[in-house]
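Undergrad: dropping the sequence and predicted coords here.
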Amino acid sequence: MSAPVIDVSGLNVSFRDSGGYRRVVSDVEFAVHSGECLALVGESGSGKSVTSRSLVGLAGDNSLVEADRLEIEGADVLRNTESQWRDIRGSRLGFVLQDALASLDSLRHVGAEVAEPLRLHTDLSSRERDARVIELLRDVGVPEPELRARQRPFELSGGLRQRALIASAIAAGPRILIADEPTTALDATIAAQILRLLETLKRTSGAMLMISHDLSVVSRIADRIAVMKAGVIVEQGDAEQVLFDPKHDYTKQLLAAIPSEATRGSRLSDTSPAGRTSSRATSALESRASAGAPLIEALGLSKTYRGPDGRERVVLKDMSFAVHRGETLGIVGESGSGKTTAARLILGAELPSSGSVFLGGVEVATLSRRHQRELRRGVQAVHQDPLGSFDPRYTVRKVLDEALRVARVPRGSRMTRSFELLDLVRLLPATIDRRPLELSGGQRQRVAIARALALDPAVIIADEAVSALDVSVQAQILDLLGDVQDAAGVALLFISHDLGVIHHVADRVLVMKDGSIVESGDVEHVFTCPSAPYTRTLLDAIPHIETARASRIGASS
Amino acid sequence: MTAAILDATPAPVKRTLRARATLVASVIFLALLAVCWAAPGFVAPHDPLAVDLGAVLAPPSLAHPLGTDDAGRDVLSRLIHGAGASLSIGFGATLVGVVGGCVLGVIAGLGPRLLDGVIMRAVDCLVAIPDILLALIVISLAGGGTMNVLLAVGVASIPGYARIIRAQTHQVKVAPYIESARTMGVSWTFVAWHHVLPNAFRPLVPVVALRVGGAIGAGAGLSFLGLGAQPPSAEWGAMISSGRNFLANDPFLVLWPALAITLTVLAVSVVSVALKRHLEGRIR
Amino acid sequence: MSAVADLITKRPSATSRILKALLTRVASGTFVLWGAATLTFFALHVPKGDPAITLLGGAEAQPTPEVLAQVRAEWGFDDPIAVQYLLYIGRLLRGDLGTSYQQRMPVVDAIGLQIGPTAVLAFTSAIVAVVLAIVISLLTSGRGRLVQGVTSTTSLVLASIPGFVLGIILLFLFAAIIPVFPSSGTQGLSRLILPALTLALPIAASLTQVLRAELDEVLEQPFIVTARTRGMGLAAVKLRHALRHALIPVATMTGFIVANLLGGAVLVETVFSRQGIGRIALEAVQKQDMPLVMGVVLLAALAFTVINVVVDVVYSFLDPRLTTA
Amino acid sequence: ASGAGPADDRDTTSSAVAPPTDTSQAAQGGTLTLSSSQDPLCLDGHQVSSAALQMLGRIVYDNLVSLDENGDPSPWLAESWDVSDDGTVYTFHLREGVTFSDGAPLNAAAVVANFDHMRDPATKSPLAAAYIDPIASTEIIDDLTLEVSLEYSYSPFLNVLAQSWLGLLSPEQIAESPDETCLDPIGSGPFVVDAYTPGEGVTFDRREDYDWSADYLNHDGAAYIDRIEISFVAEPSVRFTSLASGEFDGTDNVAPQNAASVKADESIDYFNISRLGNPQRITLNTSRAPFDDVDVRRAVAEGIDVEGIVGAVGFGEYDVRHAYLSPTTQYYNADAESEWVHDPEHAAELLDDAGWSERDADGYRTKNGERLHAEFPIVDSATATALNDLIQSQFKDLGIEVELIQLPQAETSERVRAGDFDVTTGVWHTNTPDALYVVYSSDEITDDARIGQNTSRITDEDLDQALLKARQTTDTTELAQLYAHAQERLAELVPAIPLYDFYTPWAVRENVHDALADSSHGVPLFTIAWLDQ
Ligand SMILES: Nc1ncnc2c1ncn2[C@@H]1O[C@H](COP(=O)(O)OP(=O)(O)OP(=O)(O)O)[C@@H](O)[C@H]1O
Ligand SMILES: Nc1ncnc2c1ncn2[C@@H]1O[C@H](COP(=O)(O)OP(=O)(O)OP(=O)(O)O)[C@@H](O)[C@H]1O
Ligand SMILES: [Mg+2]
Ligand SMILES: [Mg+2]
C-alpha cells in the first residue's frame, strides 16, 4: 500500500473555555490512502467535524490542536503558518462543510463561489475560469450550468447547492476531498443523488474522508469506517467488518438504532419500556367517537396560499384520510409536499380552503368556538422543533402546568400529575425547574410529549418529531412513543420524510407528493409492492445497509 | 431605526475580570447617584441655590471642593442636586415613552388590522420628524422646566417605542409556541396576556435600559439649549450651558457637569449591556 | 424534483417590480409628509396669545396699531383654525411654504439659504461615521481580546457622550487650548472638521458596535469557513464575503443615523456658532416662527422619507434576496 | 491695553469717541474682519428692531441727522434745518450731490419715500414707524428742501432721526424692489452690501465715490477700509477666543467675564461705552399685587444689594446706577441718584408696615396667610446669565418669593406686554431723554391697539404731565427742569429698580485704528477707521 495521503495519530483537540481547556477530541489516529474512502461516523457532538477541520487548520480560534503526527500528502502541517495553510486549502484539500445550505455566500453568484479556488490557486484568466466553472458544475450534475452560475444560492434547491459546493471544493483539483455530512440536510431522494455523485468522485479523484452520523449513509461508499464516540475512535476497520460484524458495543447500538422495516415492532434503544399505565381520563373526543366513528377524519381538504407576488398556490389538494383509535397512520413525502399543512388543518391552526375536518364524527367547523376547543383538546401535537414550541420564559413546571390547566386538572393535583408525566417520559423529577434552553434536544422532545399527554389526547400528531434528533436519541423517542401508545392507547398521526422511521412505526401510510396523496394503504403492502412510481423512487432512495452489502459483494466478486 | 440600536451591543466577549470591575463600578456610581437623587441635601455640602456675591467663580477650596459658579454657588452641591433632575428626566422620559409606545404598539400589534394601519401610519408621520424637533415643539407648547423636558423627551420617543413593540408583538404572535398554546386549547386572551406580551417586552428590557442613557443626554441637550430645567435649580445640561460662557475663564464649570453626564450615560450603558448579556444567556 | 422546479419558475421582470415598489414608497412618503405637516400644524396652532404681537415682538419692538392690523390681515390670524389649515395645505400644494415671521422672506428661501452648510455638515459626518465604523470594524473584528476590549470601550464611551458635550470638549481642546481649528463659522474645510467630528464620532461609535457584532457573527458562518477552506486569507474573507453581509443590518440603522444627524445639527450648530437648519429651527421654535418651524419639519420629514427610499434601493442592492425572493 | 477708548477712564460721561484731529497716518485699504453677536436676519432697519442693526446700519446707511461727540444733533445728509417756534414744523435742507449706491440721488422726494416706507403698514415696521409716528405730513419745498409737520411738538425728533434704524434707503429700491431690502439693501453709506447670508455673515465693500460722512467726523471722501467681513458668532466665549487668537480683528458685545482678559491683552483695544437711554433695570409690575403698593416697591429698592448684583454680573465692568437715565443722556439728573439708599432694615420695616409681617415655614413673608410671591417670566436661552438667579436670591433675603418662569422668548415678551408678571428685567436704549416717556408714560402701556414699552404699567398724572410737556417743548431750560422733575418723581414711585448703565463693550485688535464709538448707540463705527498696512 502506498503512503497515506492523510496520516493522523495522537490527535488531541481542546477548546478554551471560561475555566480552561476542554478536550473534545482525544488521541485520534487514522490514515486515508489514495483511492480509498474513510468514513467517520458517530453521534452528534462526538468530534467528527472538529477532527476534520483540524486537517485544514480551521478547528477554531479558541482551539488547541496537538498531535503526534498530522501529515497531508507526506508533509507535516501541524506547525503550518497561516500562509502555508492557505496554500494547502483548496488546492490539495477540498472541503465540503457540514452546513451545505449555508456554506455558499448568499449574496454572491454561485459561479463566483465555485470560481474562488480557481482565482486563488490557478492563474487562469477570468474567461477561462468562467468556462471551467461551467464545466465543473456540469461534472457534478448541475443542469443548465450557465444559468445556475449566474444565480445566487437561495435561488437553488438544497441538492443543487450541495452540488455547487462540491464543485467549488474540487475546483482547483485537490487530491483529497473531505465531505462533512454531505447529505444530512437533504431529502432522501436528493441525498441519494449526492451519494451517487460522491461515489463517482471517489472513483475519479484521490482520497476521500466522509463524515456522517448515519451508518447506513456511509455504508454505500466507505471502504473503511471509523466510529467515534465522545472524541475517541472506538472502532475502526473495513466497512464490511464494522457494518456486519461490529466489535464495539457502541457500534452495535448505533446499528440497532436505525429504524427500518426490519426493526418493526422491536425496541430500537436499550432502554426498558416505560411500562407504567397511566390512569387516563377519556377525552371528549373519545367519548364522541365511541359510536365507531374514526377519531380524525379529513374529507377533501384543500389549502391555498397567496404568495407575496399575489399568485395563489395550492399546497394541499383534496386530501382525505382517517385515523382510528389506537392505530398509527404515517404520512411520508418529500419536503414541501404538504404534510405539515395537513397537520395544521387538523389542529385548527389554519382553516382549510375547502373540505372539512371531522373529529369523532363531528364536523368541527359546525361547532361553537368553545366546543371546538373542547374537542380539539383530544388532538395534541409534537413538533419537529420542540424548543420553538415552548415559551422561552417558562420552566418545565409552567409548561406542564399550563397544559394541565387547560385540561381542567384542579390546581392542587397538578404538581403530582406533572411528576407522573415526567416519569412517564422518563425524565428526572429535577427537570421540572429547568428551562427548555437548558435541556438537550431529546429531553426537550420528551417534555413536548409530556405536555401533549397532559391533555389526555386521543390522538397525538407527531410532525417530524424525531427528524432533528440523533439516531440514538431518535431511537429512544420512537420507543417512548410506542410505549405511550401501548400504555395509553392513543392513536398516532406520524409525519416524517424518513421512510425508515415510518416503516418502523406506522400501521398504515399515506404517500404525498405536491399536495396530493399518491398512494395509501397498509405499510407493509405499500413499502413492499408500491403501486405509484413516486413511492418507488422514494423507496429506492433509502440507504440500506443490506443493499449496500449486496452491491459491495457484487462489486468485489 | 430603533430595532437596529437594540443590537448595538459589542460582540460577546468572555466576561473578564475587567468587565466585571467596570460593571461593579457602574453600579456603584449609579447607586451613588440614586442616593444623590433621594437625599441631595444629605450629601451636598452646601445649599445649591445659596448665592454668595462675594465668591463668584471662586477656585476650588476646602469649603468649595469644585469651586463656585458665576453666582457664587457651590458647584459640587449643584452637581449633586443636578443628579435628581438628570435621572428623573432619563427614567421618567423613558417611562413615558415606553408606556405610550406600549399602549400604541400593543394595540397595533394585537388589535384589528384597521386600527393597526391607522396607528402605524400616524407613527410613521411622527417618526419622520426628528426627535429633537418633536421635543422642541412639545416644549414650545408646554414651556420649559424639568417636568416638561421629561414629557418632551418621552413623547418624542413614543413613536420609536411603538414601532419596536409592534414589530416585536407581531413577531411573537407567530412564534411556534403561540401556535402550540393555541392548538392546545389555551384561550386567546390568556395567550395574549401570558405569552405574547411578556415575550414581546422581554427583549426590550436592555434596550429600554440603554435608552435611559440616551434620554438623559437628550434632556441635558434641551436644558443646554435653555429649554430645560427651571432656573435656578441645578441641572447638568443647564450648568454646561451657563458654564459655557466661562469656558475661557473657568473651563471646569463646563467640564464637571460634562463629566457627570458622560459617566452617568456610560454607567447606564454598561449596566444595560450587562443586563442584555444576562438575559440572552438565559434565553437564546 | 418538483421543489427545485418551483424555485426556478419565471419571475416578473425585476425592473417593473422595483418601479412598482418605488411608486408605493413615493405614495406613502407623500402621506407621511402630509401627516407630519398636519400634526405639527395643529400642535403649533394651539391658541397662545396674539401671533401678530409674537411676530412683531423683537425685544426692542414698538409697532404702531396700523402695523398690527396689517399683520393680522396679511397672515389671516383672525380666520378660524380650520380655514388657516386649509389655506396652508393649499399653499403647500403649490409649493409655497409661506413667509417666515422673523426672517421676513419666503420660508423656502430662508431654508434655501441655510440648507447648504447643514447638508455639507450632515453629509460629511455621515461619510466620516460610516467610513470610520467600517474601517475600525474590519480592523478589529476577529482580533485578540485586547484590541476588541479597547475598541469596544472606546466606542461605548463615545456612544455615551451626548453630542453637545463632545462638541464643547472638542471646542475647548482644539479651539481654545490648542488652537488648530477655527472655532466658529461655516466657511471652509477647517471650520467643518470639529463640528463634523462632533456629529460623526457618536454615530461612528454606535455603528461600530453594531457592525463589529455583525462581522463577528458573520465570521462564524459556514460560508466564511468554507471560503477559508478554499485557501482564502482572513482579511480577504472579511472584505469579499463578510462585510457585505454585516452591512445589511447596518443599513437598517439609517433612520437612526439620519435622526441623529438632524437632531445633532441643532446642538452642534449652536455649540460651534455654525450657520444652518438646526440653528434656524431652534430659533424659529423659540421665537414661535410657525411657518419656519413647519418648513423645517417638512424638510426633515422629506429628508427622512427620501433617504429611506434610497436606503431601500441600496438595501435591495446589498441583499438581492429582497428583490428576487 | 486700551488707549483709544474712554474705557480707561470710567468716570467719563461721554457716549462717543471724539474723532481724531490728526488723520495723516491713516492708510488706505485692507479687509476688516469682525465677529458679531447677533444677526438681525434682515438688514433693512425699517423692518426690524434688532440691536444688531445699530452697527450694521452705520455701514450701509446714512441718516439725515447725526449726533456729535457731545450728543447734540449735528448735520449729516441734512446740511441744516429750521424748527418752527412751536416745535411742530421742521424744514430740512439736504446736502447736494449725495447719491445712493444704485445711482439714485438723495432729494426731498427720496426722504419722503423713506418716511412713507417706514410708516407703510406693509413694511411691518416694529420700531422706526413708531419713532416717527408724530409726523403729520411732509411737503417737498424744492428738490433739496423738505418740510415735515408734526402733530405736536416732539422734542426728540432730531435725535430719533439719527438712529441707525432710520437710515435712508434708495427710493428706487423702495419703489421697484421692496422685497430685496432685507438681503440686499441699497443705501448711501460708506460701504455697500456685497453678500449677506443670514446666520452666517455679511460682507461689505467700500463705496469709492462716498463723500458725505457726518459733519462731526471731520472727514472728506470715502472710507479707508476696502472691505468689511462680519461673521455672526452667538457664543461670547467663542468670540473672545477667536478675537484673542487673531482670527478676527474685532468683535462686539464682549462678555463682562472676558473683559479683564481682553483688557490685559496688549494687542487688543477695549471700548466700554455707557449707552444713552435707560439703564438696565428690574421692572416691577405696578398694576397688580404685590407691587401695586409703592412701599413694597420701595422696600425692594432699598433692600436688595444692587452693588453686589452688579458686581457679580458685571465682573467689575459695570457701573452701578441708581437713576432712571444713563448719565450720558441729555438732562440726566445726578441729584435724584444721590438720594438713593441701601437699607435692608428700613426695607423690612416698610414690608412689615405694608402688612407683610408674618413669616411662613420657608421664611417668606405672608399677609393674611398669603405668601409674598412674585412671578418672573424669563426667556429660555442657551446663554443664560446669573442675573435672574441673583435677583431671585436677593428677593428671597427680603422674604419675597420670586418664581422664575422659563418661557420661549416670544411668550415671555407676550406676558410682559400683557402685564401678566410681577418682576421682569429690561433696558431701553434710545438716544434721547425721551426714553423716560417711552418707558414710563401711561400712554405707552400696551393695549389691544398698540404695543408700548411701559412694562411697569406705572400710571402717574404728575409724571405723565412732565414727560409729555418735555416732549412738546424745545426750550432747553424748561426741558432740563421737566426731566429733572420726572427723574425725581420716578425715584419716589420706584416703578423699577435701576441696576447699571447699559453697556455693549466691544474690542478691536491694535491693527485697527480710529474705530469710533458711535455717537448715538456706542457701537463701533468704521467710517473713518483704518488698518495697519
Ligand atoms: N469552536 C468551538 N468552541 C468550543 N467548542 C466547540 C467548538 N467547535 C466544536 N466544539 C465542541 O466540540 C465537540 C465536538 O463537536 P463536533 O462539531 O466535532 O461534533 P460532530 O461530531 O461534528 O457533531 P454533529 O454530528 O452534530 O456535527 C462538541 O461538544 C462541540 O460543542
Ligand atoms: N403560511 C404559508 N403561506 C404560504 N405558503 C405556505 C405556508 N405554509 C406552507 N406553505 C407552503 O406550502 C407548501 C407545503 O408546506 P408544508 O410545510 O405542508 O410541507 P411539508 O410537507 O411539511 O414539508 P417539510 O418536509 O419540508 O416540512 C410548501 O411549498 C410551503 O412553502
Ligand atoms: Mg459535525
Ligand atoms: Mg413539514
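TA: Arrived safely. Ligands and ions are numbered 1, 2, ... in the order given.
Undergrad: can you tell me the centre-most residue of the chain?
TA: I'll assume chain A. Most central in chain A under Cα atoms, centre = their mean is A:S467, positioned 4.4 Å from the mean C-alpha point.
Undergrad: my bad, the chain I had in mind was chain B
TA: When chain B is reduced to its mean C-alpha position, the nearest residue by Cα atoms, centre = their mean turns out to be B:V212, at 2.2 Å.
Undergrad: now A:Q476, nearest residue through space, not along the chain?
TA: Counting by Cβ to Cβ, 6 or more residues apart in numbering or on different chains, the nearest residue to A:Q476 once its immediate chain neighbours are dropped is A:S269, at 4.6 Å. Every C-beta, even on glycine, is put in place using the N, C-alpha and C of the backbone.
Undergrad: quick check, that neighbour in contact with A:P259.
TA: No: between A:S269 and A:P259 no contact is recorded; they are 10.5 Å apart, counting by Cβ atoms under 8 Å.
Undergrad: quick check: which element contains B:P60?
TA: B:P60 is part of no helix or strand, with elements assigned from DSSP states H and E.
Undergrad: wait, what's in contact with it?
TA: Residues in contact with B:P60 (Cβ atoms under 8 Å, 6 or more residues apart in numbering or on different chains) are B:66-67.
Undergrad: rewinding a little: which of the three states applies to the residue nearest to the centre of chain B?
TA: B:V212 falls in the helix class when you classify it by DSSP: H, G, I helix; E, B strand; the rest coil.
Undergrad: got it, and the one 10 residues further on?
TA: Per three-state DSSP, the local secondary structure of B:L222 is helix.
Undergrad: apart from its neighbours in sequence, what residue is nearest it?
TA: Going by Cβ to Cβ, 6+ apart, B:L222 has B:G228 as its nearest residue, at 4.6 Å.
Undergrad: number of residues surrounding the residue in the stretch 51-200 of chain B that ligand 1 sits nearest to?
TA: Among the residues of the stretch 51-200 of chain B, B:P176 lies nearest to ligand 1; the distance is 22.2 Å by Cβ to the nearest ligand atom. When neighbours are counted by other Cβ atoms under 10 Å in any protein chain shown, B:P176 registers 15.
Undergrad: from A:L387, how far off is it?
TA: Counting by Cβ to Cβ, to the nearest Å, the gap from B:P176 to A:L387 is 9 Å.
Undergrad: hmm, back to that, if I look at the residue nearest to the residue nearest to the centre of chain A when sequence neighbours are not counted, how far off is A:V509?
TA: Nearest residue to A:S467 in three dimensions, chain neighbours excluded: A:Q384, at 5.4 Å (Cβ to Cβ, 6+ apart). Here A:Q384 is placed at a distance of 19 Å from A:V509 (Cβ to Cβ).
Undergrad: looking at the two, which one has more neighbours?
TA: In this comparison of A:Q384 against A:V509, neighbours counted by other Cβ under 10 Å, the higher total goes to A:V509 at 25 against 19.
Undergrad: how deep is whatever residue of the stretch 151-300 of chain C ends up closest to chain D tucked in, by neighbour count?
TA: Scanning the stretch 151-300 of chain C for the residue nearest chain D gives C:Q275, at 3.8 Å (criterion: Cβ to the nearest Cβ). Residue neighbour count, defined by other Cβ under 10 Å, stands at 27 for C:Q275.
Undergrad: SS state for it?
TA: Taken by three-state DSSP, the conformation at C:Q275 corresponds to coil.
Undergrad: now do D:E79
TA: Assigned by three-state DSSP, the conformation of D:E79 is strand.
Undergrad: quick one: it from D:Y503, how far?
TA: Taken as Cβ to Cβ, the span from D:E79 to D:Y503 is 34 Å.
Undergrad: okay, these two: which has more neighbours?
TA: When D:E79 is set against D:Y503 and neighbours are counted by other Cβ under 10 Å, the residue ahead is D:Y503, at 24 against 15.
Undergrad: contacts only, for that one.
TA: So, once contact is read as Cβ under 8 Å, 6+ apart, D:Y503 ends up touching D:272-275, D:317-318, D:522.
Undergrad: which outside residues touch whichever strand or helix holds A:F95?
TA: A:F95 belongs to strand A:93-96 when elements are defined using DSSP H and E. The set of residues that contact strand A:93-96 without belonging to it, under Cβ under 8 Å, 6+ apart, is A:52, A:55-56, A:72, A:89, A:103, A:117, A:162, A:165-166, A:169-172, A:174, A:176-180, A:182, C:226, C:229-230.
Undergrad: 7 Å - rerun?
TA: Outside strand A:93-96, the residues that touch it by Cβ atoms under 7 Å, 6 or more residues apart in numbering or on different chains are A:55-56, A:72, A:165-166, A:169-170, A:174, A:176-180, A:182, C:229.
Undergrad: same thing with stretch D:97-104?
TA: By Cβ under 7 Å, 6+ apart, the surrounding residues in contact with stretch D:97-104 are D:77, D:105-106, D:110, D:170-173, D:186-188, D:192, D:207, D:212.
Undergrad: which positions in stretch A:294-312 come out as buried?
TA: Applying a neighbour-count criterion of 16 or more other Cβ atoms under 10 Å in any protein chain shown, one finds A:294-299, A:301-303 buried in stretch A:294-312.
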